[in-house]
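how would this look folded up:
(4 chains)
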2 protein chains.
Amino acid sequence: MARSSFSYLFCGESNEAQELHRMAARVVVPAKQTIFSEDERADSVFGLSEGTVRLFKLLPDGRRQIVALALPGEFLEMPMIGRYRHSAAAIGEVELARFPRKQLVAHIRSSPKLLSLLVDFATRQLNLAQVQLVMLGKGSAEERVLFFLNTWRDRMAALEPFQPYLPLPMWREDIADLLGLTIETVSRTLSRLDRKNVIRVVPKGVILTGLEPPSLGSMADSQTT
Amino acid sequence: MARSSFSYLFCGESNEAQELHRMAARVVVPAKQTIFSEDERADSVFGLSEGTVRLFKLLPDGRRQIVALALPGEFLEMPMIGRYRHSAAAIGEVELARFPRKQLVAHIRSSPKLLSLLVDFATRQLNLAQVQLVMLGKGSAEERVLFFLNTWRDRMAALEPFQPYLPLPMWREDIADLLGLTIETVSRTLSRLDRKNVIRVVPKGVILTGLEPPSLGSMADSQTT
DNA sequence: CGGCGTGTTGAAGACTTTCAACGTATGTGG
DNA sequence: CCACATACGTTGAAAGTCTTCAACACGCCG
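Here you go, the predicted model:
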């Protein structure tokens, strides 16, 4: 099994990973394609092997809020639930592991190890969501953008060694919908940070020149003792 | 064991509830008292038996964001984690079940039933957080207040039969910090909704006169098939 | 009865959004 | 290989919403 497959990333090198892997179908989805939509029956469960996926909710009038950006090793939704609670779409081309839900659920229920991993995963997601709540509730436009860049940098660093060049595979619209801003405000804020020499805005990313750790701690760890 | 104890509310009438109950110490905390603070070592895990608890994060400059309001039957934090990820404070007087964390964790790990319940709980919390993300990111002041009232009404209805009078045990400041607004804006918005005959503002609550279901669906269910 | 914590209302100010125009990049077809 | 079309990004000016600062009202408890 490849080190870059979802099952390995989620479970590590274990029997559980092997078993998950056997159960999964590899699916490649082209950029910008929808993977599933909110309220659909969740007959499949998806794990992300490669690429970035936006998880979002739509309001009746078309407003969109991104609730999370998924990275490799993460489920696109909580697996035990029978209906998708948000929509998912590929940002660039992505590679997914698709599981038949009934089969996956039965397997998870029978494995304390997997249940524990799932609790840890959910805990991590909850932490991420709550930190983002703080940003949306209390942060100015500049704080939100800096928070996003810091968070993104930390999450990327967990996948590959740090580089001053931080790739941003998503569009301005995605950043805006994640931070509860408009694309214009995001653009203006990035420009202002560039003028202040905090970052350098380059195509498809930024170069971090003067970025200190965020004020909310790295919320990536879910130490499980 | 009382029907109103945390263990019963969390597990239902089962052996697991009995065992949890044995492990718990009953603690009563007076109104406004802090229960634990963010970043402290989480040697105890708390479940809520009675009352309302605010879970919040503080920014270095003192700004406060409430990430959730806990109701009876809910853990105040994810139990498997060694350090509190947010602070908790009693709104009115509350009754808690306090568990020694090491013991509780060991017990949970050994019980697939409890692990499953925990996954379901985490899933529900994640859904709540994500719906709130949408509100904070995309909602106007009026939408946020209506969303809060609807959500609160739904959560209360799950505990006791619906009444047109909706008690609001928390202060204006809590509502403001939950919705990412100021107390003045909350107050003005409630007054405006009163003038529009959508609600009637009364001491310690509101009377719902013309409130339709929220636009985001009841996010209380985490159907687990 | 008085005082403090809490809630409401008003007016000025700040920040983000909206609407609009312009710039830049990418990719396809001639 | 260039030209143009389209999608994405940036910038400006006006407008709107929420915040801030301030004053006042209400209610509870000593």
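
so where do the strands sit in chain A?
A:25-29, A:34-36, A:44-50, A:53-58, A:64-70, A:87-90, A:94-100, A:165-167, A:199-202, A:205-208 (DSSP state E).

Can you add distance to residue B:155, mean pLDDT and mean neighbour count and give those back as CSV?
In short, each C-beta sits where N, CA and C put it, glycine included. Converted to CSV, these look like this (distance: least, Cβ to Cβ, whole Å; pLDDT from 0 to 100; neighbours: other Cβ atoms under 10 Å in any protein chain shown):
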stretch, distance to residue B:155, mean pLDDT, mean neighbour count
strand A:25-29, 37, 96, 14
strand A:34-36, 27, 97, 18
strand A:44-50, 28, 97, 23
strand A:53-58, 19, 97, 21
strand A:64-70, 20, 98, 23
strand A:87-90, 25, 97, 21
strand A:94-100, 32, 97, 21
strand A:165-167, 40, 93, 15
strand A:199-202, 42, 94, 16
strand A:205-208, 41, 94, 18
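
Nearest to DNA strand C, out of these?
Nearest to DNA strand C, of all these, is strand A:199-202, at 9.4 Å by Cβ to the nearest atom of the strand.

The closest one near DNA strand C at all?
No: remark: strand A:199-202 sits outside contact range of DNA strand C, by Cβ under 7 Å from any atom of the strand, the gap being at least 9.4 Å.

Redo the strands of chain A as a markdown table? Include distance to chain B.
As requested, the strands of chain A are exported to a markdown table (distance: least, Cβ to the nearest Cβ, whole Å):
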| stretch | distance to chain B |
| --- | --- |
| strand A:25-29 | 21 |
| strand A:34-36 | 15 |
| strand A:44-50 | 12 |
| strand A:53-58 | 5 |
| strand A:64-70 | 4 |
| strand A:87-90 | 12 |
| strand A:94-100 | 13 |
| strand A:165-167 | 23 |
| strand A:199-202 | 22 |
| strand A:205-208 | 21 |
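
quick one: which of these is nearest residue B:13?
Distance to residue B:13, taken as Cβ to Cβ, is lowest for strand A:44-50 among these, at 30.7 Å.

that older thread, kindly reformat the strands of chain A as TSV containing distance to DNA strand D.
Output for the strands of chain A, formatted as TSV (distance: least, Cβ to the nearest atom of the strand, whole Å):
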stretch	distance to DNA strand D
strand A:25-29	16
strand A:34-36	14
strand A:44-50	21
strand A:53-58	13
strand A:64-70	14
strand A:87-90	12
strand A:94-100	16
strand A:165-167	12
strand A:199-202	5
strand A:205-208	9
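
Next, the contact list for the spatially most central residue of chain A, please.
Closest residue to the average C-alpha location of chain A: residue A:70 at 2.0 Å, with Cα atoms, centre = their mean. Taking Cβ atoms under 8 Å, 6 or more residues apart in numbering or on different chains, we find residue A:70 in contact with A:48, A:52-55, A:76, A:88.

Same question for residue A:137.
Shown in contact with residue A:137 (Cβ under 8 Å, 6+ apart): B:65, B:136, B:177-180.

Tell me what angle the longest helix seen in chain A forms with strand A:53-58.
Using DSSP state H to define each element, chain A has its longest helix at helix A:112-138. Interaxial angle of helix A:112-138 relative to strand A:53-58 (axes from the mean of the first three to the mean of the last three Cα atoms, to 10 degrees): 60 degrees.

so how far is helix A:112-138 from its chain's centroid?
Taking Cα atoms, centre = their mean, to the nearest Å, one finds helix A:112-138 lying 11 Å from the centre of the chain it belongs to.
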